[in-house]
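*Asks:* what would the 3D arrangement of this be:
(2 chains)
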Amino acid sequence: MNNSAFKNICRLSLFEIKISKKTIIGWCIAIFSIVFMYMILFSSMKEMAEIKLQSMPEEMLSFFGMQEFSDMGNYVTYFGMIFNILMIAISIFAATYSANTVYREEKRKTIELLYSLNVSRGEIYISKLIASFIAVTVVLLSALVSSVICGYAVGGESFVLLDCMSIVGITGFTAYFFFAFSIMTAGALSSVNAPVTGSMAVLVFYCVGYLGTLLEEKAEWIKYISPFEMLSPKNALAFENETAVSMCVYLAVAVLFVIIGGVLYKRRDFKI
Amino acid sequence: MSILCVKDFTKRYSKTLAVNSISFEVKKGEIVGFVGKNGAGKSTTIRAITNMIFPTGGEITVNGLDAQADAKKIKEFLSYMPSDSEFYDGVKVKDLFKFAAGFSQNGIEKANELSLYFELDTERKVRELSLGNKKKVSIICALIKKSDIIILDEPTSGLDPLMQEKFFEIILKRRDEGATVFLSSHNLSEIEKYCDRVIIIKDGKIVKTLDMKSVAKELGQHVYCLTKDGKEADFDYNGDINELIAQLASLDIEKLEIRPKTIEEEFIQYYKDGAENE
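*Replies:* Predicted coordinates:
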């Protein structure tokens, strides 16, 4: 990559972030607030939460991945449970935001202006990729920052910074997986509504993971398909070999998605 | 010397044949008009030249470079203005210019100069602009850089006559500086006034290429004749005018009109009849 291409990618990425800053800030505030709202009440909610969890149907607990977190007296465990549910929303954000960076240009016909500038298709695609990566990272960090602030305030001895970071880092990788999937869809197929497809993929993968845990020994392999299951906060905290391997596999698949999207983006007609 | 060469260009969208094996060349320093009805294939051809879409068949070269494989190199000396003036809504005009200018040398100075020239308020947000002002933004974005070839897709639609005049002043100036201009338009009078050649496309096929210098001589006369017994004749005549008058003299005429045919009329005829005139 030469100097001019690098400068072009930086300019395009910054512009993409600038035009969608309201969306990013909105999501950051929402995620920060939700985490803050739950975590700041940790000390007072732990007893109440235990009672509430006991009264909830087991299937529902299992669906939202809350069954694993029986110890509500532990700040990290409690954060894991909240973050696990929030991962659905963050993954949908990652999928829609990344897909929209590419899809929206063609839907609104702004791609004609963008591509009339002295830039290549590859530079446009990479800039969208970088902007999406930054947006997803910032949203994940807002959850981490919120949990850390509350952790220092009300977490007591059960708050372990590194554990919270592990949960956000490993479980949060699920969002990057869907971001890669969606940007591939948007890059490769102009005829598909990539943001909707990405969101649907998030829900399908989540349900597949749940199905895997439901079926247990009968079809346990199903859960390996879903990053929600394999990179769950519980697995992130334990970080056994299986989790490490899963993360490597998801990373490889995500990279493959991004490459496929980029290659096809360079070779297809813009839908204008 | 040809700066733009389109050879057997074909574009098919699933079952629809948008452009069917067209070929034409644009020479350096020319202003060439590209006219045709909506859906004739003008924008498809222009989008293939600018690598927005890929040809199903044929070859397009700009300054000897392949329009698809060398698209990035071509952009160093090509400016393009799309027909749809669509922008990022929440962005201010000045920020859009700043962004676009970042990709060319002295771009921001040029953008400011052109904004003053076109009387455009750059402090406003793009979504607040009228269609005409959006068109100005689009024109300025295309003219920010100094290019060897300028491709414009319906550049003046939405502009008031004064701004159309101003726009063509700039285009003529760029041509005098050595640029080649290829533009599509539905405004036939501006095509007639400013273009050196005109390519007429109909149903994805080129039906005629007119050289504006020689075409005026070839157009002949338009004749309208109404006889006293109510017979009417309305036709174009390209022969000896004395012979025509001699023949008309034998008729009992109530009303007669003979006037030079305009190029606009010729265009409209091609719009209507197309290949039948070939």
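*Asks:* what number of residues are in the vicinity of residue 114?
*Replies:* Answering for chain A, as no chain was given. The local packing of residue A:114 (other C-beta atoms under 10 Å in any protein chain shown) involves 18 other residues. Yep, even glycine has a C-beta here, placed from its N, CA and C like the rest.
*Asks:* switch to chain B, please.
*Replies:* Other residues close to residue B:114 by other C-beta under 10 Å number 20.
*Asks:* what's the closest non-adjacent residue to it?
*Replies:* Once its chain neighbours are removed from consideration, residue B:114 has its nearest residue in residue B:140; the separation is 4.5 Å (C-beta to C-beta, 6 or more residues apart in numbering or on different chains).
*Asks:* so, low pLDDT: which residues of the stretch 1-150 of chain A?
*Replies:* A:1, A:46-50, A:52-53, A:61-72 (pLDDT under 70).
*Asks:* enumerate every residue touching the closest residue to chain B within it.
*Replies:* With C-beta to the nearest C-beta, the shortest gap between the stretch 1-150 of chain A and chain B falls at residue A:112, namely 3.6 Å. Under the criterion of C-beta atoms under 8 Å, 6 or more residues apart in numbering or on different chains, the neighbours of residue A:112 are A:270, A:272, B:52, B:80, B:82, B:84, B:86.
*Asks:* which helix runs longest in chain A?
*Replies:* In chain A, with assignment by DSSP state H, the single longest helix is helix A:75-107.
*Asks:* next helix or strand past that helix?
*Replies:* Past helix A:75-107, heading to the C-terminal end, the next element that is a helix or strand (DSSP states H and E) is helix A:111-116.
*Asks:* around residue 108, how many other residues sit close by?
*Replies:* Going with chain A. Residue A:108 is surrounded by 16 other residues when neighbours are defined as other C-beta under 10 Å.
*Asks:* my question was about chain B
*Replies:* Using other C-beta under 10 Å, residue B:108 has 15 neighbouring residues.
*Asks:* ok, now which ones touch it?
*Replies:* When contacts are counted by C-beta under 8 Å, 6+ apart, residue B:108 is found next to B:97, B:98, B:101.
*Asks:* now, which of these lie within strands?
*Replies:* The strands, defined by DSSP state E, take in nothing from the contacts of residue B:108.
*Asks:* the nearest residue to residue A:173 once chain neighbours are set aside: neighbour count?
*Replies:* Of all residues beyond its chain neighbours, the one nearest residue A:173 is residue A:231 (5.7 Å), with distances taken as C-beta to C-beta, 6+ apart. Residue A:231 is flanked by 25 other residues according to other C-beta under 10 Å.
*Asks:* residues of the stretch 101-250 of chain B that sit close to chain A?
*Replies:* Contact residues of the stretch 101-250 of chain B with respect to chain A, defined by C-beta under 8 Å from any C-beta of the partner chain, are listed as B:102, B:103, B:104, B:138, B:141, B:142, B:145.
*Asks:* assign a three-state SS to the last one, would you?
*Replies:* The three-state label for residue B:145, taken from DSSP: H, G, I helix; E, B strand; the rest coil, comes out as coil.
*Asks:* count of neighbours near it?
*Replies:* A count of nearby residues for residue B:145, using other C-beta under 10 Å, gives 22.
*Asks:* what sits against residue 174?
*Replies:* Just so you know, I chose chain A. Applying C-beta under 8 Å, 6+ apart, one finds that residue A:174 lies in contact with A:87, A:91, A:227, A:228, A:231, A:250.
*Asks:* can you look at chain B instead?
*Replies:* Under the contact definition (C-beta under 8 Å, 6+ apart), the residues listed for residue B:174 are B:143, B:150, B:181.
*Asks:* quick check: buried residues in the helix or strand hosting it?
*Replies:* If you go by DSSP H and E, residue B:174 is part of helix B:161-176. Within helix B:161-176, the residues that count as buried by 16 or more other C-beta atoms under 10 Å in any protein chain shown are B:163, B:164, B:166, B:167, B:168, B:170, B:171, B:174, B:175.
*Asks:* how much space separates the closest residue to residue B:177 other than its chain neighbours from residue A:169?
*Replies:* Closest residue to residue B:177 in three dimensions, ignoring its sequence neighbours and counting by C-beta to C-beta, 6+ apart: residue B:146, at 7.8 Å. Going from residue B:146 to residue A:169 by C-beta to C-beta, to the nearest Å gives 49 Å.
*Asks:* what's the answer for residue A:126, then?
*Replies:* 24 Å.
*Asks:* how about residue A:141?
*Replies:* For residue A:141, the distance to residue A:169 equals 10 Å [C-beta to C-beta].
*Asks:* ok, the residue nearest to residue B:114 touching residue B:120?
*Replies:* Yes - the pair residue B:140 and residue B:120 passes the contact test of C-beta atoms under 8 Å, sitting 7.1 Å apart.
*Asks:* okay, and the common contacts of those two?
*Replies:* With contacts defined as C-beta under 8 Å, 6+ apart, the residues shared by residue B:140 and residue B:120 are residue B:114.
*Asks:* and the helix or strand that contains residue B:59, what's its mean pLDDT?
*Replies:* Secondary-structure element containing residue B:59, defined by DSSP H and E: strand B:57-62. Regarding strand B:57-62, the rounded mean pLDDT is 95.
*Asks:* also stretch A:232-243?
*Replies:* Across stretch A:232-243, the average pLDDT comes to 89.
*Asks:* can you tell me the SS state at residue B:239?
*Replies:* coil.
*Asks:* for it, give its distance to residue B:246.
*Replies:* The gap separating residue B:239 from residue B:246 is 11 Å, by C-beta to C-beta.
*Asks:* which parts of the stretch 51-200 of chain A sit against chain B?
*Replies:* Counting by C-beta under 8 Å from any C-beta, the stretch 51-200 of chain A sits next to chain B at A:108-113, A:115-121.
*Asks:* what is the most centrally placed residue in chain B paired to in the beta sheet?
*Replies:* Of all residues in chain B, the one closest to the mean position by C-alpha atoms, centre = their mean is residue B:184, 2.5 Å from it. Partner residues in beta bridges with residue B:184: residue B:34, residue B:153, with DSSP bridges as the criterion.
*Asks:* next, the buried residues of stretch A:11-30.
*Replies:* Within stretch A:11-30, judged by 16+ other C-beta under 10 Å, the buried ones are A:11-17, A:19-20, A:23-24, A:27-28.
*Asks:* contacts for that stretch next, please.
*Replies:* Here stretch A:11-30 makes contact (C-beta under 8 Å, 6+ apart) with A:93, A:97, A:100-101, A:114, A:119, A:123-124, A:127-128, A:130-131, A:134-135, A:138-139, A:142, B:88, B:90-91, B:95, B:99, B:102-103.
*Asks:* what about the spatially closest residue to residue B:124 that is not a sequence neighbour, neighbour count?
*Replies:* Counting by C-beta to C-beta, 6+ apart, residue B:124 lies nearest to residue B:93, which is 5.8 Å off, once chain neighbours are set aside. Neighbourhood size, residue B:93 [other C-beta under 10 Å]: 24.
*Asks:* also residue B:39?
*Replies:* Around residue B:39 there are 13 other residues, counting by other C-beta under 10 Å.
*Asks:* please apply the same query to residue B:259.
*Replies:* There are 9 residues near residue B:259, going by other C-beta under 10 Å.
*Asks:* chain B: helices as residue ranges?
*Replies:* For chain B, helices defined by DSSP H occupy the ranges B:42-49, B:71-75, B:93-101, B:107-117, B:131-143, B:161-176, B:188-194, B:212-218, B:241-249, B:263-273.
*Asks:* now these in JSON lines, with mean pLDDT?
*Replies:* Converted to JSON lines, the helices of chain B look like this (pLDDT from 0 to 100):
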{"stretch": "helix B:42-49", "mean pLDDT": "95"}
{"stretch": "helix B:71-75", "mean pLDDT": "93"}
{"stretch": "helix B:93-101", "mean pLDDT": "93"}
{"stretch": "helix B:107-117", "mean pLDDT": "91"}
{"stretch": "helix B:131-143", "mean pLDDT": "93"}
{"stretch": "helix B:161-176", "mean pLDDT": "93"}
{"stretch": "helix B:188-194", "mean pLDDT": "86"}
{"stretch": "helix B:212-218", "mean pLDDT": "76"}
{"stretch": "helix B:241-249", "mean pLDDT": "86"}
{"stretch": "helix B:263-273", "mean pLDDT": "75"}
